[in-house]
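**Student:** Here you go, sequence then predicted model.
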Amino acid sequence: MSDMPVNSVTTRSWQRTALGDFWAVAAVALVAGALFLLFPTNLALLTRIIAVMLLVLSLDLVTGFSGVATLGHATLFGAGAYAAGIFAARFGVTDPLLMLAIGAVAGALAGAVTSLVILRGHGLSQLVLSIAVVSLAHEAANKLSAWTGGSDGLSGIAPSPLFGLFRFDLFGRTAFFMAVGLLLVVFVVLRIVVRSPFGMLCRGIKQDPVRVRAMGAPVYFTLVKMYAIAGAVAGLGGALSAIATKVVGLDSLSFTTSAEALVMLVVGGTGKLFGALVGTLVFVWFEDRVSAINPFHWLTIIGVLLIGVVLFAPKGLVGAAESLWARVRGRRS
Amino acid sequence: MGPCAGAPVMSLLEVRNLRKNFGGLAVTDDVSLNLAKGDRVALIGPNGAGKTTFVNLVTGQLKPHAGSVHLDGEDITAASPSRRVQAGLVRSFQVTRLFSEMTPEEHVALALLQKQGRSGRVFGDYRGMPAVMAETHEILALLNLDGIAQQPANSIAYGQQRLLEIALVMALRPKVLLLDEPAAGVPGSDTMLIERALERLPGDLAVLMIDHDMDFVFRFARRVVVLAAGAIIFDGTPAEVSRDPRVREAYLGSYADDRSQA
Amino acid sequence: MQTILSIAADSLAYGMVLFVISIGLSVTMGLMKVVNLAHGAFAMIGGYVASYATQQMGLPFGIAVIAAIVCTVLVAIPLERLLYRRIYGAPELTQVLMSIGITFAIIGIANFVMGPTLKTIALPEQLQGPVDLGFRSIAAHKLFAVAVGIVVAGGLWLLVERTPFGVRLRAAVDDAAMAEALGVKTKAVYAISFALAIGLAALGGVVGAQLLPIEPYYALHYMVTFLVVVSVGGAGSIAGALAASLILGLVQTTARYLAPEYGEFFFYLAVIAIVCTFPNGLLGRSK
Ligand SMILES: Nc1ncnc2c1ncn2[C@@H]1O[C@H](COP(=O)(O)OP(=O)(O)OP(=O)(O)O)[C@@H](O)[C@H]1O
Ligand SMILES: [Mg+2]
């Protein structure tokens, strides 16, 4: 009896999501284009921001969508960065797309393996395990300096031209465009993944794992799989940063980077892909500006900002903007 | 009674000598129970008798200290809760457990996809799957949840959340269904909806329902099992149960009086 | 043999310092379920106050210790009122972020006020130089740290097991709602425990300043260490925190002596091994 209205609701929401995807991609591309025109001399910074965005998007998959508390997510970023870097510097695999692929695979592997440890804990013990994992990886990379360059960083990465045509120029234009392209692809894919049955299952696990089990779905395996996907995304970010900066440092594999990624995610808003993008852009941009003046001022500011976000905008900047928008629209109609 | 050797009636669910202690207290005390295809059993007993614990043991949320659980002749005592659900042993919760930020439509669709083994798919949106959508809305309509299909579960009334809990277990297409007080917290007028949904369940399904509402229980059940202090003290027809002196003593006295007065 | 003794002595001293600082965190975490990453920042504030009191004001060490405890608690009380109260019972992530925010702000302010350099605390005569124990000599300040650790452990044990306050505290740790229903003023218990925890952190910061030197990034460097101690020991357990401090102190010190090039590798390996085996900590209660 209610077939007609149901079907029309369906088609409408279906069209709406497709349209949403289009506008989301358009918005990201537009912002990237505007930044390119406004700050042509800051392309290296913008490319670095995009690499970090991939890390934060990856963290959002695990923390924002699936509810795993982690302060060690840089492990996956570092795995991608070092894998791509080592293959380039030691084995001559210098094709940038191949390096990205290597980074993604290494990140996915690191994600799956470390999740086996991290998922053994809950709450506090999960946090501590994640910290231990990233610290362990950090110390290992430091010790294996024959491969990683240790605390001097891994250098000697010389990516060959993109598609064999575009050299990675001094101004960082090629790197920037490659980064934007990569970000757009990842962003669209993640929007699809998040809406998929698997994405719903992960959201379900975040909200009530007991109920998920009582529906017959595996909790542990699902989270390991999500970790592998997140690892691929973070690994792409790591590889991108290796290609763009031509070095890999130990800080890409550190507790501090992990904690910063979490801060960016929360500032932007957890559980929304736009939150990860906005949080990263705001955080890294201001960090670059303020810490050039005095790193300690930066710490004070980010500290106060964090407290403010937790108290007054628990859904992050994007969440606050959404509710503001909803209120404005509500008043108008 | 006893294990019926060579009997033609094959039990779907067979619970043998289940035991569970919390501290020193035996909360499940040597409980054995069989459910056959098409059974409609009510499990009743005073508060704290161990009914929920029994369900938790059977569905694997708790581990028993002794005893075994068999589904379709297969020993599932060591199986994980999700394995049991996949095998067709499904339960509902006394205190609603839902995904607070998901809509009823998402709940039911996810359950259907899970049953079809498609919940691990990384691509595709259920809203683009006509068969899933049609089935989802059929189930939602059965429980009058169609109107609120798009609202987050934490924003709908508690009674509706209870109905959604039923919708969810129906979508899982169980062989054996254990319902823990499905009508608790549902406004009187809406228990009708639950009854209607239960009537729609396939006839060969085995259902065990816990409830305190005796009218509801007597309309639904063809067999009543009474649990008191962790042990089964009665297993028989609804007609017999109110006459059984031990049941009267342990539990039913007040209800029986109420009913005779009414 | 000498190496083994040195390792043993250093581990013990280091472990006791970890214990004195972390035990407060363990109590608040067990009681209020707050993951407070800023705990180390309070130890650092204590260290700064003692340094200022002894070096700038020329006050004796004993007074400086008391001043450090009092000042740190005075700094912490408004923070508890204004900030921490709002995150009791919040998800871990919220608590982590709020307390990271507090830590960052304290680091920035500490640098602004005290400068980026290392600060030392002037020790009294008796705590300088080595003490001869017969079979070997050991730095007096390390012995002092061990003694403080023993006194703190014993004092806390008496407080928790033998006083009316301890009864309330245990009741609130077990089940806050039930304790409240039985007439325990949990708010007051929380406030007193929080002050006690901060005071102990400050004490640990001062006593341990030779081993964990006072500088602005102190709060960040040792943030993880204290959190790890609590998690390994089990939140809310005094004996657990003591055991965890001593074990982790031993692992870290031994690794520093025998395999310095591996850094903290073995420390974190031990953490993973222990936490994976005992997800609720060595002596934590299961949930
Ligand atoms: N996890 C637990 N730990 C300790 N005791 C428990 C636990 N779960 C249940 N109990 C105790 O076991 C007994 C049986 O509880 P159960 O929830 O199974 O009763 P019930 O028959 O479902 O009661 P109700 O009709 O109120 O739902 C009660 O005394 C309860 O306090
Ligand atoms: Mg019950």
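**Tutor:** That came in fine, so what should we check first? Ligands and ions are numbered 1, 2, ... in the order given.
**Student:** where does the chain dip in pLDDT?
**Tutor:** You didn't pick a chain, so chain A it is. Residue ranges of chain A with pLDDT under 70: A:1-14, A:332-333.
**Student:** hmm, I had chain C in mind actually
**Tutor:** Across chain C, the ranges flagged by pLDDT under 70 are C:1, C:285-287.
**Student:** quick one: the residue of it found nearest chain B and A:Gln207, what's the gap?
**Tutor:** In chain C, the residue found nearest to chain B is C:Pro91; the distance is 12.9 Å by C-beta to the nearest C-beta. Bear in mind the C-beta positions are built from the backbone N, C-alpha and C, glycine included. Using C-beta to C-beta, to the nearest Å, we find C:Pro91 at a distance of 12 Å from A:Gln207.
**Student:** likewise A:Ser254?
**Tutor:** Plainly put, A:Ser254 is 31 Å away from A:Gln207 if you go by C-beta to C-beta.
**Student:** Then A:Leu305?
**Tutor:** Distance of A:Leu305 to A:Gln207, given as C-beta to C-beta: 28 Å.
**Student:** so which strand or helix has residue 105?
**Tutor:** I went with chain A, as the question did not name one. According to DSSP states H and E, A:Val105 maps onto helix A:96-118.
**Student:** ah, I was thinking of chain C
**Tutor:** Here C:Ala105, judged by DSSP H and E, is contained in helix C:92-114.
**Student:** what's the offset of that helix from the middle of its chain?
**Tutor:** Chain-centre distance of helix C:92-114: 17 Å, with C-alpha atoms, centre = their mean, to the nearest Å.
**Student:** hmm, it touching chain A?
**Tutor:** Yes. Counting by C-beta under 8 Å from any C-beta of the partner chain, chain A is contacted by helix C:92-114 at C:92-94, C:96-98, C:100-109, C:111-112.
**Student:** Now do that helix: which elements does it pack against?
**Tutor:** Helix C:92-114 sits against helix A:124-143, helix A:255-268, helix A:295-312, helix C:39-51, helix C:218-221, with contacts defined as 3 or more C-beta pairs under 8 Å, 6 or more residues apart in numbering or on different chains; DSSP states H and E.
**Student:** contacting residues for the closest residue to ligand 2 within the stretch 101-250 of chain B?
**Tutor:** Going by C-beta to the ion, ligand 2 is nearest to B:Asp180 of the stretch 101-250 of chain B, at 5.9 Å. By C-beta atoms under 8 Å, 6 or more residues apart in numbering or on different chains, the contact set of B:Asp180 is B:Lys51, B:Thr52, B:Val55, B:Arg91, B:Ser92, B:Phe93, B:Gln94, B:Ile210.
**Student:** For the residue lying closest to it once chain neighbours are set aside, the count of nearby residues, please.
**Tutor:** Spatial nearest neighbour of B:Asp180, excluding adjacent residues (C-beta to C-beta, 6 or more residues apart in numbering or on different chains): B:Gln94 at 4.1 Å. Residues lying near B:Gln94 (other C-beta atoms under 10 Å in any protein chain shown) number 17.
**Student:** Would you confirm that B:Gln94 contacts B:Glu181?
**Tutor:** Yes. Counting by C-beta atoms under 8 Å, B:Glu181 is a contact partner of B:Gln94 at 4.8 Å.
**Student:** so who does residue 153 touch?
**Tutor:** I'll assume chain A. The neighbours of A:Gly153, taking C-beta under 8 Å, 6+ apart as the test, are A:Val247, A:Val248, A:Gly249, A:Leu250.
**Student:** My question was about chain C, not that one.
**Tutor:** Applying C-beta under 8 Å, 6+ apart to C:Ala153 gives the contacts C:Phe19, C:Ile23, C:Ile238, C:Leu242.
**Student:** what's the distance between the second one and A:Ser254?
**Tutor:** Here C:Ile23 is placed at a distance of 28 Å from A:Ser254 (C-beta to C-beta).
**Student:** A:Ser115 too?
**Tutor:** Counting by C-beta to C-beta - A:Ser115 and A:Ser254 are separated by 19 Å.
**Student:** Equivalent analysis for A:Gly303, please.
**Tutor:** Distance from A:Gly303 to A:Ser254, by C-beta to C-beta: 19 Å.
**Student:** Just the C-alphas of stretch C:254-273, formatted as PDB.
**Tutor:** Extracted in PDB, the C-alpha atoms of stretch C:254-273 (Å, rounded to 0.1, in the frame of the first residue of the first chain):
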ATOM      1  CA  THR C 254      68.300  -2.300  32.200                       C
ATOM      2  CA  ALA C 255      67.800  -1.400  28.600                       C
ATOM      3  CA  ARG C 256      69.600   1.900  29.000                       C
ATOM      4  CA  TYR C 257      72.600   0.200  30.500                       C
ATOM      5  CA  LEU C 258      72.800  -2.900  28.300                       C
ATOM      6  CA  ALA C 259      71.300  -1.800  24.900                       C
ATOM      7  CA  PRO C 260      71.300   2.000  24.800                       C
ATOM      8  CA  GLU C 261      71.200   2.000  21.000                       C
ATOM      9  CA  TYR C 262      67.700   0.400  21.100                       C
ATOM     10  CA  GLY C 263      66.300   3.400  23.000                       C
ATOM     11  CA  GLU C 264      62.900   2.700  24.400                       C
ATOM     12  CA  PHE C 265      62.300  -0.400  22.200                       C
ATOM     13  CA  PHE C 266      62.300  -3.000  25.000                       C
ATOM     14  CA  PHE C 267      60.300  -0.700  27.300                       C
ATOM     15  CA  TYR C 268      57.500  -0.600  24.800                       C
ATOM     16  CA  LEU C 269      57.800  -4.300  23.900                       C
ATOM     17  CA  ALA C 270      57.300  -5.100  27.600                       C
ATOM     18  CA  VAL C 271      54.300  -2.700  27.700                       C
ATOM     19  CA  ILE C 272      52.700  -4.500  24.700                       C
ATOM     20  CA  ALA C 273      53.400  -7.900  26.200                       C
END
